[in-house]
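Asker: okay, structure incoming, though there's no sequence with it:
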């Protein structure tokens, strides 16, 4: 029993400082651009090229420590010139979504679970439901037999 409590405390602390962050970058423009995600420890995603609206790429980092610096989401125009570099501190376990519009600037539009400091979407903001046809309803004029 004397050994159990210290092991439990070490286990909780190690879980508390670990991170598993998923970053989605989605195009909301028909303008060609590139984007790249860089973590605080220098790990980089591939430099993705987006050529149409609704294209999406994903980067995931699992690390022993997290929250020790800024994450970068950098965008480049078609000629390779840097357009924007958004800095944000992320920590914990969760995901964030970035959307890139016609101005080629990434904006965080969704965040679930991840602790965030900087320009962050509200935590757990529900995504809008996909459109579907209206359900038929009884208008009150229908005769039921």
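Answerer: Received the coordinates, thanks. It should be emphasised that the depicted structure is a prediction, and the values quoted were computed from it without experimental measurement. Numbering: from 1, shown residues only.
Asker: burial count for the residue nearest to residue 78 when sequence neighbours are not counted?
Answerer: Leaving out its chain neighbours, the residue that sits closest to residue 78 by CB to CB, 6 or more residues apart in numbering is residue 32, at 4.4 Å. (Glycine included, C-beta is placed from N, CA and C.) Neighbours of residue 32 under the rule other CB atoms under 10 Å: 15.
Asker: could you do residue 23 as well?
Answerer: 23.
Asker: these two touch, right, it and residue 56?
Answerer: No. Using CB atoms under 8 Å, residue 23 is not in contact with residue 56, being 10.9 Å away.
Asker: what touches both of those two?
Answerer: Counting by CB atoms under 8 Å, 6 or more residues apart in numbering, residue 23 and residue 56 have no shared contacts at all.
Asker: residue nearest the centroid of this structure?
Answerer: Taking CA atoms, centre = their mean as the criterion, residue 96 is the residue nearest the geometric centre of the chain, at 1.7 Å.
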